[in-house]
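K.L.:
turn this into a model:
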Amino acid sequence: MFGYLILTILVFTLVAYFVGQTAGRSFALADRQTHSLPGYHGAFVAVWVGIPALVLALLWVALQQPVIDRLVIGSLPGALTSGATPAQLSLILSEIKNVAAGQIFAEPSPDVKAAADLYVRWQDIARWAMFAAAVALMLLALVIARSKLAPRFRARTGVERFITGMIIFCSVVAILTTVGIIASLVYESLEFFRRVPLHEFVFGTRWEPQMAIREDQVAGAGAFGVIPVFTGTLLIASIAMLVAVPIGLFTAIYLVEYANENVRRVVKPVLEVLAGIPSVVYGFFAVLTVAPAVRAAGGAIGIVMSPNSALVAGGVMGIMIIPFISSLSDDALKAVPRTMRDGSLAMGATRAETMIKVLLPAAIPGIMGGVLLGLSRAIGETMIVVMAAGLIATLTFNPLDSVTTVTVQIVTMLVGDTAFDSPKTLAAFALGLMLFLVTLTLNVIALRIVQKFREQYD
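P.N.:
Numbers count the residues shown, from 1 in each chain. Predicted coordinates:
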């Protein structure tokens, strides 16, 4: 029903737009001085018809289920609900919903059957009432908004105010979402640090989060030293950037300065295709193709390496990041004014000197943005590391060894039957907070570098 309601709101909104636009055109054809164009009249009526109905539908959907649940619980006999805890009431309600949906695993009691029938009726009544209320609201809004239209009516002002309000609303939602993410990370991290000392987490050199879930279970005591995890993260990210930055930057330079239009027309789309390949496909490529080739090459020269290595994961990850750096660097170089390039060539500089002395310094903010985007993708990548690098946290700087990353450990610790308030699960939030702080520090450093280059260039 909700999908049909959204479709109905869309149809009413389009009808309202054409009604308002027709009214605006009639004002213009009557040779009257109009304040707004016909399109603004149509947009004004469409906004007043579509937005209130959409808000009503969303609020109705959000409040409908809790209200019906309370009504169902209230309709049950006192013998079922008297003295029941919230958990027991939740189980009874789940059984009623299962019976109402036809998912019957055992013969329910007559009271549960009656409650399930009542639940279905109230669901139907609520859905039809929502549909009728939304349609009535749209018709009322259409009549009122149409009556406001006049030759001197400031429809454009109303539409612009609505657009401004939507921009402010989206900005506030983005800010509150960021604040909520940070607050949840900080809160759960504080719960973790009440169980594990901060100095042990930050400066510890062993990461073994396996802990006993039950008293009779044999498991490790748990070691939560984050240094091996961040070492593996930075090692793989560094290898990826060593692969991606030179190739991506040189590719952008070649496409902007040296390639003809035919070559650019072929190479550019091919690079863009790499950005659309899922990371799990890169993981299969690393495991099935790159890793055996690297091990065979190492064995040919007498180098023993782990089946899962940081070199393989970082190298394949670098290939995945190339399109981000190349595309953004290409756009940054092309955005440099043509007059600067022509002026450098007119002064006798070669094309290489023009690129090094003029184009690259001018485009360095955009290039750094691409590098930062690639670094963020490398730090946050999970699938390639799981498939090609391993799950064991090892404190090593040897790219031929098996390592793990922060994101892999977060996924590992949040999957399973461990209690949510255990140190093993809460450690995922602490890792997320540390990763956020490290990424924020890298961004600040990069912004300072960009500002330094910009000051020198200006």
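K.L.:
list the residues that contact the nearest residue to Leu426 once chain neighbours are set aside.
P.N.:
Closest residue in space to Leu426, ignoring its immediate chain neighbours: Phe192 at 3.7 Å, by Cβ to Cβ, 6 or more residues apart in numbering. C-betas here are computed from N, CA, C, even on glycine. The contact partners of Phe192, by Cβ atoms under 8 Å, 6 or more residues apart in numbering, come to 201, 423, 426-427, 429-430.
K.L.:
make sure Phe192 is indeed in a helix.
P.N.:
Yes. Assessed with DSSP: H, G, I helix; E, B strand; the rest coil, Phe192 lies in a helix.
K.L.:
where does Ala150 land in three-state SS?
P.N.:
Going by three-state DSSP: Ala150 is coil.
K.L.:
and it, its phi and psi?
P.N.:
Dihedral angles of Ala150 (phi, psi; degrees, to the nearest 10) stand at phi -160, psi 160.
K.L.:
count the residues that sit near it.
P.N.:
Using other Cβ atoms under 10 Å, the number of residues around Ala150 comes to 14.
K.L.:
quick check: the gap between it and Trp48.
P.N.:
Separation of Ala150 from Trp48 (Cβ to Cβ, to the nearest Å): 15 Å.
K.L.:
Pro337 now?
P.N.:
Counting by Cβ to Cβ, the gap from Pro337 to Trp48 is 45 Å.
K.L.:
please apply the same query to Ala101.
P.N.:
38 Å.
K.L.:
more crowded one of those two?
P.N.:
Just comparing Ala101 and Trp48: by other Cβ under 10 Å the higher neighbour count belongs to Trp48, 23 against 11.
K.L.:
so what's that one up against?
P.N.:
Neighbouring residues of Trp48 by Cβ under 8 Å, 6+ apart: 16, 141-142, 144-145.
K.L.:
give me that answer again for 10 Å
P.N.:
Taking Cβ atoms under 10 Å, 6 or more residues apart in numbering, we find Trp48 in contact with 13, 16, 20, 138, 140-142, 144-146, 148, 158, 162.
K.L.:
so where's the stretch 51-200 of the chain uncertain?
P.N.:
79-81, 83-84, 104-106 (pLDDT under 70).
K.L.:
which parts of it are strands?
P.N.:
In the stretch 51-200 of the chain, no strands are defined using DSSP state E, counting those that start in this stretch.
K.L.:
before we move on, back to that, could the contacts of Phe192 be laid out in a markdown table, adding neighbour count and pLDDT?
P.N.:
Shown next, in a markdown table, are the contacts of Phe192 (neighbours: other Cβ atoms under 10 Å; pLDDT from 0 to 100):
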| residue | neighbour count | pLDDT |
| --- | --- | --- |
| Phe201 | 20 | 83 |
| Pro423 | 20 | 76 |
| Leu426 | 24 | 83 |
| Ala427 | 27 | 83 |
| Phe429 | 21 | 87 |
| Ala430 | 24 | 86 |
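K.L.:
would you check which pair of those lies furthest apart?
P.N.:
The span of those, defined through Cβ to Cβ, is set by Phe201 and Phe429 at 11.6 Å.
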